[in-house]
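Novice: Just a sequence and a predicted model for now, questions to come.
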Amino acid sequence: MKVAILGSGFGLYGYLPALIGQGCDVLLPDRYRAVVEGRAELASLAAAIEWVADDAVALDRAEALVLARRPEDQAAAMADILGRPRIQRLLLEKPLAPTPVEAEHLQAQLQASGKLFRIGYIFGFTDWGQRLIAQAGSSSRGDLAIRWAFRAHHYATDRQNWKRSHAQGGGALRFYGIQLLALAAQLGFTRALHSTISSRLPDEAESWSATMANEAGDQCALLVDSNAAEPHFSVTTPWLDDSIGQIDPFNGAASSGQDRRVPLLSSLCAEMLNGEPPALRCQAETIALWRDIEAITTRQHKA
């Protein structure tokens with residue numbers, strides 16, 4: 001299957017090795033060549049790529065597409081992509097759009113198109129995520145708490161980019177927390193109870209905490225701190241025999257110096273390439289939960 005990638009960041013260092021590992025014929029616009037050949041962990045993949053003149057040629061030849069661009073750019077490109085009958089499979093990065101209202105509109109368009117689509121939610125493919133999913137249908141569960149603390153690259157390097165901007169789909173809730181919301185929805189926690197954003201600046205979301213409930217009344221408490229002094233990730237719940245504590249949410253290490261998320265992306269790509277329509281139900285539930293969470297979110301000034 002010919003798969004085009006549009007996106008010169010995570011599209012290349014994340015999805016490119018994941019797709020080549022799946023045996024795909026990957027199409028890339030020639031303007032990405034310098035990036036691929038300039039990164040040690042990607043240079044060996046250059047020979048396996050079908051280089052094309054530009055984005056339009058890549059879209060013309062592709063049967064599937066990975067779109068890994070800013071949320072607003074992703075949403076803007078969708079009309080053209082959905083109008084291409086040759087492309088029947090899509091993998092879109094999260095968040096689907098800058099706001100939940102825009103994301104709901106875009107998701108409705110995707111569902112109406114009849115194309116198979118997946119969104120870049122990968123926590124369900126981690127070892128700990130798989131363990132939680134395996135227990136989701138049990139009759140005796142209890143509450144769940146997940147805490148994720150780290151220092152995002154834009155804070156560590158003091159970079160001003162869209163990932164700092166809540167309005168553009170960045171920050172602890174929309175860019176990072178959406179991963180946890182996707183898993184919470186998959187586990188059945190779909191009723192929003194509480195949500196708070198904390199930041200020093202009004203359009204940023206350095207940290208976010210939220211609580212939601214499932215039909216049995218069990219609660220799921222989430223905390224994301226994207227500007228923490230020390231990284232740590234933990235899962236505490238009677239669902240599991242033991243608590244999970246590690247440096248971050250991701251499993252082990254990838255090979256050949258690749259990004260540690262590549263094995264998880266490989267699982268996501270396999271689902272996109274081999275799955276059957278319609279889209280997974282939890283994708284719609286994730287956007288609905290995100291919408292409900294934002295509707296009750298309050299903001300605090302971080303000292």
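Specialist: Thanks, I have it. Since the model is a prediction, treat every value here as computed from it, not as a measurement.
Novice: quick one: contacts for residue 18?
Specialist: 262-263, 265-266, 268-269 (Cβ atoms under 8 Å, 6 or more residues apart in numbering). The C-beta positions use only the backbone N, C-alpha and C, and glycine is treated the same way.
Novice: Which of those fall in strands?
Specialist: Mapping the contacts of residue 18 onto strands (DSSP state E) picks out no residues; all lie outside.
Novice: which one of the residues you listed sits closest to residue 68?
Specialist: residue 265 (10.1 Å; Cβ to Cβ).
Novice: what's the neighbour count on that closest one?
Specialist: Counted with other Cβ atoms under 10 Å, the neighbours of residue 265 add up to 26.
Novice: which residues of the stretch 101-250 of the chain score low on pLDDT?
Specialist: 139-140 (pLDDT under 70).
Novice: And the strands in it?
Specialist: Here the stretch 101-250 of the chain has its strands, by DSSP state E, counting those that start in this stretch, at 116-119, 144-151, 191-199, 207-213, 219-225, 227-236, 244-246.
Novice: Format the ones you listed as CSV; extra columns: mean neighbour count and distance to residue 45.
Specialist: CSV is the format used below for the strands of the stretch 101-250 of the chain (neighbours: other Cβ atoms under 10 Å; distance: least, Cβ to Cβ, whole Å):
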stretch, mean neighbour count, distance to residue 45
strand 116-119, 22, 22
strand 144-151, 20, 28
strand 191-199, 19, 38
strand 207-213, 22, 35
strand 219-225, 22, 32
strand 227-236, 15, 29
strand 244-246, 14, 29
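Novice: picking up where we left off before, from the contacts of residue 18, which would you call buried?
Specialist: Buried residues within the contacts of residue 18, defined by neighbour count using 16 or more other Cβ atoms under 10 Å: 262-263, 265-266, 268-269.
Novice: my read is residue 97 is in a strand, agree?
Specialist: No. Going by DSSP: H, G, I helix; E, B strand; the rest coil, the assignment for residue 97 is coil, not a strand.
Novice: show me what contacts it?
Specialist: For residue 97, the contacting residues are 71-72, 74-75, 103, 105-106, 169, by Cβ under 8 Å, 6+ apart.
Novice: try residue 50
Specialist: For residue 50, the contact set (Cβ under 8 Å, 6+ apart) comprises 2, 25-28, 61.
Novice: Neighbour-wise, which one of those residues leads?
Specialist: Most surrounded of the contacts of residue 50: other Cβ under 10 Å gives residue 28, at 25 neighbours.
Novice: distance of it from residue 21?
Specialist: 16 Å (Cβ to Cβ, to the nearest Å).
Novice: What of residue 183?
Specialist: Distance from residue 183 to residue 21, by Cβ to Cβ: 24 Å.
Novice: Please report how far residue 258 lies from residue 250.
Specialist: For residue 258, the distance to residue 250 - Cβ to Cβ - is 12 Å.
Novice: just residue 120 next, same as before
Specialist: Distance, residue 120 to residue 250, by Cβ to Cβ: 14 Å.
Novice: In terms of neighbours, single out the busier of the two.
Specialist: Between residue 120 and residue 250, residue 120 has the larger neighbour count (other Cβ under 10 Å), namely 23 against 20.
Novice: The more buried one contacts residue 93, correct?
Specialist: Yes. Counting by Cβ atoms under 8 Å, residue 93 is a contact partner of residue 120 at 4.6 Å.
Novice: For those two, list the residues in contact with both.
Specialist: In contact with both residue 120 and residue 93: residue 68, using Cβ under 8 Å, 6+ apart.
Novice: Using PDB, write out every CA atom in stretch 111-123.
Specialist: In PDB, the C-alpha atoms belonging to stretch 111-123 read as follows (Å, rounded to 0.1, in the frame of the first residue of the first chain):
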ATOM      1  CA  GLN A 111     -17.300   9.700   9.400                       C
ATOM      2  CA  ALA A 112     -19.600  10.800   6.600                       C
ATOM      3  CA  SER A 113     -16.800  10.200   4.100                       C
ATOM      4  CA  GLY A 114     -16.700   6.500   4.600                       C
ATOM      5  CA  LYS A 115     -12.900   6.500   4.900                       C
ATOM      6  CA  LEU A 116     -11.200   4.600   7.600                       C
ATOM      7  CA  PHE A 117      -9.500   7.000   9.900                       C
ATOM      8  CA  ARG A 118      -7.500   6.800  13.100                       C
ATOM      9  CA  ILE A 119      -6.200   9.500  15.400                       C
ATOM     10  CA  GLY A 120      -2.800   9.500  17.000                       C
ATOM     11  CA  TYR A 121      -3.900   8.200  20.400                       C
ATOM     12  CA  ILE A 122      -1.200   5.800  21.500                       C
ATOM     13  CA  PHE A 123      -1.500   5.300  25.300                       C
END
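Novice: List of residues touching that stretch?
Specialist: Stretch 111-123 is contacted from outside by 68, 82, 87-94, 96, 110, 129, 178-180, 182-183, 249, 261, 264-265, 267-268, 271-272, 275-280, 283-284, 286, using Cβ under 8 Å, 6+ apart.
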